[in-house]
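In: Based on what follows, work out the 3D shape:
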Amino acid sequence: MEQQKYSSILVPVDGSAVTEHVLNRAIDLALVNDAHLDILNILEVNQFNQTYGSAVSGDVVFKLTENTEDKLKDMEQKAKDAGVKSVDIHIRFGNPKPIIAREFPRDHNNDVIVIGSTGLSAVERLIIGSVTSYVTRTAKCDVLIVRSKQAKKAK
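Out: Model prediction:
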């Protein structure tokens with residue numbers, strides 16, 4: 001049986017504890033396939049509206065975007081230092097579920113999504129649902145779910 005070859009990999013990152021592990025797997029996959037790597041972070045501004053009461057000021061959104069971009073640039077450099085030839089970083093605003101599962105892969109021709117098993121606590125998953133679960137059900141391309149080291153030890 002021939003191994004699946006990928007040309008364009010999407011790795012959504014959220015800064016959770018599993019981010020580094022997920023990024024490492026995506027880098028490895030990009031190297032093996034000599035593939036392009038898209039590193040994506042989605043900012044949900046509406047979550048800050050609920051936290052801070054009314055609308056979030058432009059200054060808060062700007063600072064958040066700036067901080068996120070700095071972290072993504074570090075991840076981009078890590079991928080390049082590992083030998084990935086083609087890497088782009090992206091920030092999108094909105095609901096991560098449809099963006100990761102359909103919109104971004106459609107716009108960027110990704111043929112695989114490398115995503116962590118979860119970045120949420122059990123309570124958060126119960127209330128808002130797992131992004132990973134949604135992505136695996138609705139994505140048109142392959143999805144590689146990366147389990148955290150803690151999840152592997154628990155088995």
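In: got the residue ranges for the strands in the chain?
Out: Here the chain has its strands, by DSSP state E, at 8-12, 36-43, 87-93, 112-116, 142-146.
In: partners of the second one, with directions?
Out: Using DSSP bridges, the neighbouring strands of strand 36-43 in the sheet come out as strand 8-12 (parallel), strand 87-93 (parallel).
In: Return the set of residues that bridge with residue 38.
Out: residue 10, residue 88.
In: didn't it look like it was pressed against residue 108?
Out: Yes: counting by CB atoms under 8 Å, residue 38 sits close enough to residue 108 to count as a contact (5.6 Å). Placement of C-beta: from N, CA and C, glycine included.
In: Neighbour count: these two, which is higher?
Out: More crowded of residue 38 and residue 108, by other CB atoms under 10 Å: residue 38, with 24 against 14.
In: what sits against that one?
Out: 8, 9, 10, 11, 87, 88, 89, 90, 104, 108, 110 (CB atoms under 8 Å, 6 or more residues apart in numbering).
In: Against residue 146, how distant is it?
Out: 16 Å (CB to CB, to the nearest Å).
In: go on, residue 66?
Out: 28 Å.
In: out of those two, which sits in the more crowded spot?
Out: Between residue 66 and residue 146, counted using other CB under 10 Å, the more crowded position is residue 146 (19 against 9).
In: Which of the strands paired with strand 36-43 sits closest to residue 62?
Out: Of all those, strand 87-93 sits nearest to residue 62, with 11.8 Å by CB to CB.
In: Near the closest residue in space to residue 100 that isn't next to it in sequence, how many other residues are there?
Out: Nearest residue to residue 100, sequence neighbours excluded (CB to CB, 6 or more residues apart in numbering): residue 12, at 4.8 Å. Residues within reach of residue 12, counting by other CB under 10 Å, total 27.
In: gap between residue 12 and residue 94?
Out: Taken as CB to CB, the span from residue 12 to residue 94 is 12 Å.
In: which residues are in contact with both of the two?
Out: Contact criterion CB under 8 Å, 6+ apart; residues bridging residue 12 and residue 94 by contacting each: residue 42.
In: residue contacts, residue 13?
Out: 19, 22, 23, 39, 40, 41, 72, 75.
In: Tell me where the protein has helices.
Out: 19-33, 45-52, 58-82, 96-98, 104-108, 122-128, 131-138, 149-154 (DSSP state H).
In: mean pLDDT lowest for which of those?
Out: Looking at the helices of the chain, the lowest mean pLDDT belongs to helix 149-154 (a mean of 50).
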